[in-house]
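[1] quick one, what's the 3D model for this:
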Amino acid sequence: MAGRNNRVIIVTGASRGLGRTIALKFGHAGTRIVVNYLERRQDAIAVVDSITEQGGEAFALQADVRQGAMVDAMTDAVLERWGTIDVLVNNAGITRDGFAVRMSEQDWDDVLDTNLTGPFHCIRAVSRAMMRQRSGHIISLASLTGMQGRAGQANYSAAKAGLVGLTQSAAKELGRFNIRANTVLPGLLETEMGTSLPEPVRRRIIEENALGRSSTREEVAEFIYRLSLMQHVSGQVFNLDSRIP
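    Numbering: from 1, shown residues only. Alright, predicted model coming up:
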């Protein structure tokens, strides 16, 4: 296994939002970062620049996680450059909200493809390298919505519930190779996705929060960084969302 400050981390959807904050946290701590992005190349390069300016190592890789062949090519490029993959953070995700009775098949497919099939492609691809090196950690970002459901988010809820099951299945399958797999529920964040919620929905979520506030990206990134260092924790769901309905 790579040393603590020499690990290679892939963060999907790392050009903005929580993914960006996670990449910066790991990068500024001295790990080598793969900034995965779909469309926002300049934003991804800005993340790389922030890391390298502080003496870290990072590079941006475009890959659509919905496409298995592109994910395989991304992992091959990482292995060719650095020879190892120590942590995968499944962060990329989208929403296409609407009541299920009126939801189009396209909106259903888009969310399931990105939020569930995408992590499947990533887990499958990095697991091959992790199995050979007999170490690794997979961390998936899910949502309390996947555990409780939410009106208007049937597709998102289904995808995030599936992601919990997928990650726990990976933990059981890969544990004998010293590979950990855990899920984190970050809560409402001040990101593009979080702020795009209708104001009544945002207000209700904050009212249900025991602390009366949303989570912060920095707190979540710090937790994920510390979780990534834990050698004896796997198959768990860590709820950082303080909502009590």
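
[2] now do the buried residues in stretch 97-104.
    Applying a neighbour-count criterion of 16 or more other C-beta atoms under 10 Å, one finds Asp97, Met103 buried in stretch 97-104. For every residue, glycine as well, the C-beta is placed using N, CA and C.

[3] ok, stretch 149-166 next?
    150, 152-164, 166.

[4] over to stretch 45-65?
    Buried-residue list, stretch 45-65, by 16+ other C-beta under 10 Å: 45-48, 50-51, 56-61, 63-65.

[5] ok, so of the buried residues of stretch 149-166, who is nearest Leu79?
    Nearest to Leu79 among the buried residues of stretch 149-166 is Leu166, at 22.8 Å by C-beta to C-beta.

[6] could you dump the longest helix that the chain contains to CSV, C-alpha only?
    If you go by DSSP state H, the chain has its longest helix at helix 154-174. Extracted as CSV, the C-alpha positions of helix 154-174 are listed here (Å, rounded to 0.1, in the frame of the first residue of the first chain):
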residue,chain,number,x,y,z
ALA,A,154,-38.1,9.1,-6.8
ASN,A,155,-35.2,8.7,-9.2
TYR,A,156,-32.6,10.2,-6.9
SER,A,157,-33.8,8.3,-3.9
ALA,A,158,-33.8,5.0,-5.8
ALA,A,159,-30.3,5.7,-7.1
LYS,A,160,-28.8,6.6,-3.7
ALA,A,161,-30.5,3.7,-2.0
GLY,A,162,-29.0,1.4,-4.6
LEU,A,163,-25.6,3.0,-4.1
VAL,A,164,-25.7,2.1,-0.4
GLY,A,165,-26.4,-1.5,-1.4
LEU,A,166,-23.8,-1.5,-4.1
THR,A,167,-21.1,-0.2,-1.8
GLN,A,168,-22.0,-2.6,1.0
SER,A,169,-21.9,-5.5,-1.5
ALA,A,170,-18.5,-4.4,-2.6
ALA,A,171,-17.3,-4.4,1.0
LYS,A,172,-18.4,-8.0,1.4
GLU,A,173,-16.9,-9.1,-1.9
LEU,A,174,-13.6,-7.2,-1.6
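
[7] ok so, going back, would you check which pair of the buried residues of stretch 149-166 lies furthest apart?
    Gly152 and Leu166 (23.5 Å).

[8] could you pull out the helices for this protein?
    Under the criterion DSSP H, the chain contains helices at 17-28, 41-53, 68-82, 105-112, 118-133, 145-148, 154-174, 192-195, 199-208, 217-228.

[9] weakest of the ones you listed in terms of mean pLDDT?
    Ranked by mean pLDDT, these bottom out at helix 192-195, which scores a mean of 56.

[10] could you count how many residues lie near Ala210?
    Other residues within reach of Ala210, judged by other C-beta atoms under 10 Å, total 9.

[11] please name the nearest non-neighbouring residue to the spatially most central residue of the chain.
    Geometric centre of the chain, nearest residue: Asn91, 1.9 Å, by C-alpha atoms, centre = their mean. Using C-beta to C-beta, 6 or more residues apart in numbering and skipping the chain neighbours, the partner closest in space to Asn91 is Gly19 (4.1 Å).

[12] cool, Val65 as well?
    Computed as C-beta to C-beta, 6+ apart, the closest residue to Val65 that is not its neighbour in sequence is Gly118, at 3.3 Å.
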